[in-house]
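Student: Sequence plus the predicted model coming up.
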Amino acid sequence: MYSKILVKLINEFPIESQIINNYPEATDFDKCVILLRSMKLVYGQISAKLGSPSKKAIRASLLKWAPD
């Protein structure tokens, strides 16, 4: 499900998408969250782009992969 969104985001933002190469073990959902957060989107905007996952899931992903 998130693989299609990830491909779309990579095509839409090719320069920013290079950041996800630092996380090869991350799931497609995690990569989407990392990419969107690197573009300075807030939780609500990330949730809207990804089809409304919970803020708890987004936060857990960010804390695991990109805590800074």
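Tutor: The structure has been received and is ready for your questions.
Student: What pLDDT is listed against Leu41?
Tutor: For Leu41, the pLDDT comes out at 94.
Student: Repeat that for the one 5 residues further on.
Tutor: pLDDT for Ile46: 96.
Student: number of nearby residues for it?
Tutor: Neighbourhood size, Ile46 [other C-beta atoms under 10 Å]: 20. C-beta coordinates here come from the backbone N, C-alpha and C atoms, glycine included.
Student: so it is in which element?
Tutor: Assigned by DSSP states H and E, Ile46 belongs to helix 43-49.
Student: Following element in sequence after that helix, please.
Tutor: Next element after helix 43-49 (DSSP H and E): helix 55-65.
Student: Point out the other elements, helices or strands, that that following helix touches.
Tutor: Contact here means 3 or more C-beta pairs under 8 Å, 6 or more residues apart in numbering; DSSP states H and E; on that basis helix 55-65 packs against helix 28-38, helix 43-49.
Student: what's the most buried one of those?
Tutor: helix 28-38 (a mean of 21; mean count of other C-beta atoms under 10 Å).
Student: CA atoms only: put that one into CSV for me.
Tutor: Extracted in CSV, the C-alpha atoms of helix 28-38 (Å, rounded to 0.1, in the frame of the first residue of the first chain):
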residue,chain,number,x,y,z
ASP,A,28,7.9,1.8,3.0
PHE,A,29,5.7,3.5,5.6
ASP,A,30,8.7,4.6,7.6
LYS,A,31,10.4,5.9,4.5
CYS,A,32,7.3,7.9,3.5
VAL,A,33,7.2,9.4,7.0
ILE,A,34,10.9,10.2,7.0
LEU,A,35,10.7,11.8,3.6
LEU,A,36,7.7,13.9,4.4
ARG,A,37,9.1,15.0,7.7
SER,A,38,12.4,16.0,6.0
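Student: so how far is it off the chain centroid?
Tutor: Computed by C-alpha atoms, centre = their mean, to the nearest Å, the chain-centroid distance of helix 28-38 equals 1 Å.
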